[in-house]
Each structure stands twice: as structure tokens, then as C-alpha cells.
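J.: Predicted coordinates and the sequence they were generated for:
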Amino acid sequence: MTGMAEAGKLQAEKAIDVMQARGHTNLSGGLLLALQTLYRIPAADATAVESVLVFTDGKANYGITKQDALEKATR
């Protein structure tokens, strides 16, 4: 199992390396897509580790930017 974890780590590092800042931070879009992805994992797969990592400058200026609207969207 360690080999798979290492392969996933390398894949994540490669994806991060190619990221470029473009002036828009769509925190809501990333969060909602991550939640949709997690909800697609079959409930029978109880061994799956479900995690979401968020990389941001902390300035949501695109998509849903108001906290109350984002809370409602994630319910």
C-alpha cells in the first residue's frame, strides 16, 4: 500500500508544480467540485480515505464569495 501512497504523492506534486496564478480565486468552485467527487465514492468502500486539500491565497474573489451563501451551497 505504501507504493500507491507514494505514487499519489508524486502525482499531487506534479499537479501543484504546473499551477499558475491567474488572478481569480474560485474557492467555492473547488470546494463544491471536491464535495461532489467525495459523494460519488460508494458507501460500501469504507476503507477509502476521503480528504480535501485546499490551496489558496485566502481571497475568494470569484464564484460564491459570501460565507452564508457558501454554507448553504455545501449543505
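T.: Perfect, I can see it now. These numbers come from a predicted model, not from an experiment.
J.: helices or strands next to whichever helix in the chain runs longest in the packing?
T.: The longest helix of the chain (DSSP state H) is helix 2-17. Using 3 or more C-beta pairs under 8 Å, 6 or more residues apart in numbering; DSSP states H and E, no helix or strand is in contact with helix 2-17. Placement of C-beta: from N, CA and C, glycine included.
J.: Please save the CA atoms from that helix in PDB.
T.: This file holds the C-alpha atoms of helix 2-17, laid out as PDB (Å, rounded to 0.1, in the frame of the first residue of the first chain):
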ATOM      1  CA  THR A   2       2.900   2.300   0.600                       C
ATOM      2  CA  GLY A   3       3.700   2.300  -3.200                       C
ATOM      3  CA  MET A   4       0.300   3.600  -4.000                       C
ATOM      4  CA  ALA A   5       0.500   6.400  -1.400                       C
ATOM      5  CA  GLU A   6       3.900   7.400  -2.800                       C
ATOM      6  CA  ALA A   7       2.600   7.400  -6.400                       C
ATOM      7  CA  GLY A   8      -0.300   9.600  -5.300                       C
ATOM      8  CA  LYS A   9       2.100  12.000  -3.600                       C
ATOM      9  CA  LEU A  10       4.200  12.300  -6.700                       C
ATOM     10  CA  GLN A  11       1.100  12.900  -8.800                       C
ATOM     11  CA  ALA A  12      -0.100  15.700  -6.500                       C
ATOM     12  CA  GLU A  13       3.400  17.300  -6.500                       C
ATOM     13  CA  LYS A  14       3.400  17.300 -10.300                       C
ATOM     14  CA  ALA A  15      -0.100  18.900 -10.400                       C
ATOM     15  CA  ILE A  16       0.900  21.600  -8.000                       C
ATOM     16  CA  ASP A  17       4.100  22.300  -9.900                       C
END
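J.: Run the chain-centre distance for it.
T.: 15 Å (C-alpha atoms, centre = their mean, to the nearest Å).
J.: With stretch 32-45 instead?
T.: 11 Å.
J.: Can I get that stretch in PDB, CA atoms only?
T.: Extracted C-alpha coordinates of stretch 32-45, given in PDB (Å, rounded to 0.1, in the frame of the first residue of the first chain):
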ATOM      1  CA  LEU A  32     -18.100  22.100  -4.400                       C
ATOM      2  CA  LEU A  33     -16.400  20.000  -7.000                       C
ATOM      3  CA  ALA A  34     -14.400  18.300  -4.300                       C
ATOM      4  CA  LEU A  35     -17.600  17.500  -2.300                       C
ATOM      5  CA  GLN A  36     -19.300  16.200  -5.500                       C
ATOM      6  CA  THR A  37     -16.300  13.900  -6.100                       C
ATOM      7  CA  LEU A  38     -16.400  12.600  -2.500                       C
ATOM      8  CA  TYR A  39     -20.100  11.900  -2.700                       C
ATOM      9  CA  ARG A  40     -19.500   9.700  -5.700                       C
ATOM     10  CA  ILE A  41     -17.400   7.300  -3.600                       C
ATOM     11  CA  PRO A  42     -19.500   4.200  -3.000                       C
ATOM     12  CA  ALA A  43     -20.600   3.900   0.700                       C
ATOM     13  CA  ALA A  44     -19.600   0.300   0.600                       C
ATOM     14  CA  ASP A  45     -16.000   1.400   0.200                       C
END
